[in-house]
Structures are given as structure tokens and as C-alpha cells.
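Enquirer: just coords:
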């Protein structure tokens, strides 16, 4: 389906990822004609969301209640505020967005999605378990709701809406159109200009050609930028790396394709938009190199249970709260003080069979394919197929029957002797000695026992506590971990209608409301810091990125429709 000849759009949406799809279809639902521009091919509709695990942050859901989880808006607000740690005047709109999003997650979010055909896996996950303080970072209760169908399952409802609007002539989709400039006339954004790229049918996520075949220029009453963040642009990430995290690793893996390069954010900034919290980012410390990569430097994140022993490159156990799945940012901050770019999980076959999940739709064919038979096989002995494939082929995985043999392999993989086998064995034996009782002074062991009290963890997520040196649980496994570049937490500053604010706000009537809009320009998704220029503050609670795309896309669409009345 191509655009009809002479198609005249009321609104231009730049970017056909999840936020762009939501915004475009909601605007079309409101009776306006939309031109949707996408630099990649039609095979890439849905952007990063398609590749995701499909996790959604919901509050006091039926799924939580069925599992005995007592959640509330007040508890979620306490967790969000403790994690975000908003601390600057620029957090005016992020604070407003956070409250609005919490109301959405505790209110109509689930029913709205369900009305579009979206469904949830019944077991709720517990991500970002926190820094150990009630008022600090982390989720007090499990809130990570997995989409039945993973990433494709969250994209499909909006892809179907897009197809219906295209058939009705309300949306024209033009792929291989790379927007490079926003047109500004008399202080108002009036359109876009860019390059038409040659057709490229490479598979989804694979780097496409940037060969130019022509130029284009389009105008409309409103332009909405939904082009994602900067996670695929290592050079730009490096230039904006936050000082409080130390130096950026020399060696990283990439959790998003190279097309996630910040081009839309940079174009908006050149047009006069305000990009705030440029150094707020969300990168993971449990990245592994994909043995079957799709894009350059393709990394996969381990979604770990709480049992693995986490050590740095020299074999030192990481301090609290740097436990698997607890506090991403503090763990990254600590690891950047060690002088090395990698760290390790040390675990057993019993742990990897129960606790290792790999983030991404392609790593979870049972959930992605909505195959209950395969899903139920997860409770049987043996590692999931995708995990076993990494054990068999992944360059970061090593197995051995003893600590000395394991350490020999770890040092060989690192290319230098960094870990002393006797010292690591002492650390492991000290940890194992804490398992003789149902209580312990070891905070990680205490957290492990606590996790087992939650039915969802006990059933499919947390291995029964055991000694790492128990031969019945072996062999021993070491997994080398890399920093995985992922999300942009800062972004284009927007009000609650997705209206982008001007960079010269101080000279344009800025006040307590945080600044004046740049007329004609709107933003959604990661390009807007998932709303307001940084709705997460300094830390994310997980399950909030896809939800942020959904909510900010819908809010920006409403802002556009209100302004075009």
C-alpha cells in the first residue's frame, strides 16, 4: 500500500517505532490525516519494541492480585520517586509526567491494551528489586508484566490499526525517508526535509544502506518526532557519558541497532528544541555477545534471578546492592571503579536452568510464538533452548568441574591472569557456608530466601538455595558480562500534551511551568525521554520503556488533536 497521489497531511509523524505507531494511529482515530515517515524499510515497523521482551509496568493488576501481590498507586509512587530522585529545576515536567504515567499504569492502561487485543502472561516478574531501602530505588513488589507474544505482541495491535488507516486513506506510510532537518518559519515548525534512500530489503534490525536516491520536503500543521534515542550511536553515547559513572567502557555490546542514532533528537535541537538531561542513560551490566548476531556488536541482556555470585574482573565479590537483578545503576557505577570493562557471574547448572532468561523476542520463542506447550517445558529439568544455545556457542560462557579449572578458563578468555583460584574458592565457600540455615548474615542469601516467598519466583524464576560447590548442582559455570548500551533517559522537553519546549525558554516567557512550546513540534517515546524530557529521572523501574512509548505517543497525539481543533 503506497500513499495516494496528492496526499496532503495534517500531521507528519517521524519514526514508525512503537511511539510513532501509537501517535500516528491515535491522530488518525481523531480524524486527521497523517504522513508517517520511516528511515528504515517496512520490515522494521515497530522499531526496538519488536525486539523487546514485552515487559509492561502495571500497578495493582488482576495478575498481581491472583499471585497474592498487594500493590497500590501510593506504593508505586513511593518506588518511582525513590528511584527517579528528581533533583533539578529541569525536572518540572518529568515530575508531572511521572505522576500522569503512574495514574495511567494503575488505571486504564491494562484495559485500553486489552481492548486492542493485547494479552499478558499470567506470572508477573520482579525486576529492579532495589537498593535495600524502602524509600530508595527499586520495585517493592513484582510489577513486570510480560506480553503474551513478547515484543511483537505489543506492536501487532498498532500495526493492525496502521494497516486499517492506510487502507482508508487516513495514513500514508513512506519508508526509506530519512528526515534530516525540521523546517522552521517565523518561529514555527512547518515541515521536514531529508533524503530518500534506496530500497533495502535486508532483514529487520540488520544495518541498511544509506545510499541516497533523492530528496524530499513535506509540510504540515504539526510535526511529531518519535525517532528513538541514542543507544545505537556509540560515539554520541561516549560524548554524553555521565561523569558520575566514571569513564565509559572501551569495549561494549549493543542492545539496539545502529539506526537508533539520535538523528531525530539532534534535528529537533537544531530547530530550537530543548534537550534536557542529556547525560541520563540506562545501560545494563549483564550483557553477553550474541553468538548469532543481527546487528553490529549485537548484545543480549541476561534477565537474572537472584542466586548467581557476581564478581568483578579480578574475582572480588560485588558489594550490596550490586546483586543480580537489583540495582542497575549502582552496579554500573561500582564496576566502572574496578579498572576493567567486564565482570562475571559464577553459578551452577541448577541455577542457569531455573534463573536465566534472555531479554528479547527472538530469545524467547515460546512466549513470542504463544506456545503454551513450550512455555510449560520451562519447569522441566534442563536449560531453555535459547540459554542452552549460548552454553553451546556463546563466547562468554565457560563450564568446569572445579574452581581451579573454571578460573583457568576465565583467565584464558580475559587474556590475562586476573583471578586467583584459591581466593575465589574461599569466597565461594564462605557464601556456601551461609546456607546451613534459613537465615543468614549474607544479604544476598537473605534476599534469595525472600524471593522464594513469592509464588512466581518459586515456580519459574528462582532456584532452590544450594551450595555452588554441591556436585549435584554442577557443573560450575562462569559467564563474562559486558556493559550493554540501551536506553536514553533524557530527551526533548515536553509538556503533558507532547509539545516540545523551546531551548531559548528563558527568553520566551519561561516560568514555573518550565518554558514555552516551540509551535508545531511534538515528541514522543525515547526521543522525549519517554515524556517530559526524562520521566524516569536517574533510574528506571523496568517495564516502563514500552509503557512510556505507549503513554507518550497517546499523550502527544492528544496534544496535536487539541491544537488542531
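Expert: Structure received. Bear in mind that the values here come from a model prediction, so they are computed numbers and not experimental data. Numbers count the residues shown, from 1 in each chain.
Enquirer: what's near enough to touch the residue nearest to residue 17 when sequence neighbours are not counted?
Expert: Once flanking residues are discounted, residue 17 sits nearest to residue 47: 2.7 Å by Cβ to Cβ, 6 or more residues apart in numbering. Heads up, the C-betas are built off the backbone N, CA and C, glycines and all. Residue 47 makes contact with 15, 16, 17, 18, 20, 228, 260 under the criterion Cβ atoms under 8 Å, 6 or more residues apart in numbering.
Enquirer: Among those, which lie within helices?
Expert: Among these, DSSP state H puts 18, 20 in helices.
Enquirer: May I see the contacts of residue 47 organised as TSV, with neighbour count, distance to residue 62 and pLDDT added?
Expert: Compiled in TSV, these are given as follows (neighbours: other Cβ atoms under 10 Å; distance: Cβ to Cβ, whole Å; pLDDT from 0 to 100):
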residue	neighbour count	distance to residue 62	pLDDT
15	29	33	98
16	27	32	98
17	28	29	98
18	32	24	98
20	33	30	98
228	31	32	97
260	25	34	96
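Enquirer: Three-state assignment for the residue nearest to residue 242 when sequence neighbours are not counted, please.
Expert: In space, and not counting its chain neighbours, residue 242 is closest to residue 279: 4.0 Å by Cβ to Cβ, 6+ apart. Assigned by DSSP: H, G, I helix; E, B strand; the rest coil, the conformation of residue 279 is coil.
Enquirer: can you list the contacts of residue 47 in CSV and add distance to residue 382?
Expert: Putting the contacts of residue 47 into CSV (distance: Cβ to Cβ, whole Å) gives the following:
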residue, distance to residue 382
15, 41
16, 39
17, 36
18, 34
20, 40
228, 37
260, 35
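Enquirer: Which member of the contacts of residue 47 is positioned nearest residue 498?
Expert: residue 20 (12.0 Å; Cβ to Cβ).
Enquirer: residue contacts, that closest one?
Expert: 13, 14, 36, 38, 47, 224, 226, 227, 524, 525, 553.
Enquirer: can you list the weak-confidence ranges in this structure?
Expert: 1-5, 505-514 (pLDDT under 70).
Enquirer: biggest helix in it by residues?
Expert: Scanning the chain for the longest helix, with DSSP H as the assignment, gives helix 544-563.
Enquirer: Would you indicate which residues of that helix are buried?
Expert: Residues 544-561, 563 are the ones in helix 544-563 that count as buried (16 or more other Cβ atoms under 10 Å).
Enquirer: which helices and strands does it pack with?
Expert: helix 18-29, strand 55-57, helix 92-106, helix 109-115, strand 222-225, strand 517-523 (3 or more Cβ pairs under 8 Å, 6 or more residues apart in numbering; DSSP states H and E).
Enquirer: hang on, the earlier thing: quick check, the residue nearest to residue 242 in contact with residue 238.
Expert: No. Counting by Cβ atoms under 8 Å, residue 279 stays clear of residue 238, with 11.4 Å between them.
Enquirer: Just the buried ones from the contacts of residue 20, in PyMOL syntax?
Expert: Buried members of the contacts of residue 20, defined by 16+ other Cβ under 10 Å, are picked up in PyMOL with:
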select buried, resi 13+14+36+38+47+224+226+227+524+525+553
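Enquirer: Would you reformat the contacts of residue 20 as TSV and include distance to residue 429?
Expert: Below are the contacts of residue 20 laid out as TSV (distance: Cβ to Cβ, whole Å):
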residue	distance to residue 429
13	59
14	57
36	59
38	56
47	47
224	58
226	53
227	52
524	52
525	48
553	52
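Enquirer: which one of the contacts of residue 20 is nearest residue 70?
Expert: The closest of the contacts of residue 20, once distances to residue 70 are taken by Cβ to Cβ, is residue 553, at 30.9 Å.
Enquirer: now that closest one, nearest residue through space, not along the chain?
Expert: residue 22 (3.1 Å).
Enquirer: need the contact list for the one you found.
Expert: Residue 22 is in contact with 158, 524, 549, 550, 553, 554, 557, counting by Cβ under 8 Å, 6+ apart.
Enquirer: distance of the residue nearest to residue 17 from residue 259?
Expert: 8 Å (Cβ to Cβ, to the nearest Å).
Enquirer: And residue 265, by the same measure?
Expert: For residue 265 relative to residue 259 (Cβ to Cβ), the value is 13 Å.
Enquirer: Then residue 530?
Expert: Counting by Cβ to Cβ, the gap from residue 530 to residue 259 is 19 Å.
Enquirer: Have a look at those two and say which one is more surrounded.
Expert: residue 530 (32 against 23; other Cβ atoms under 10 Å).
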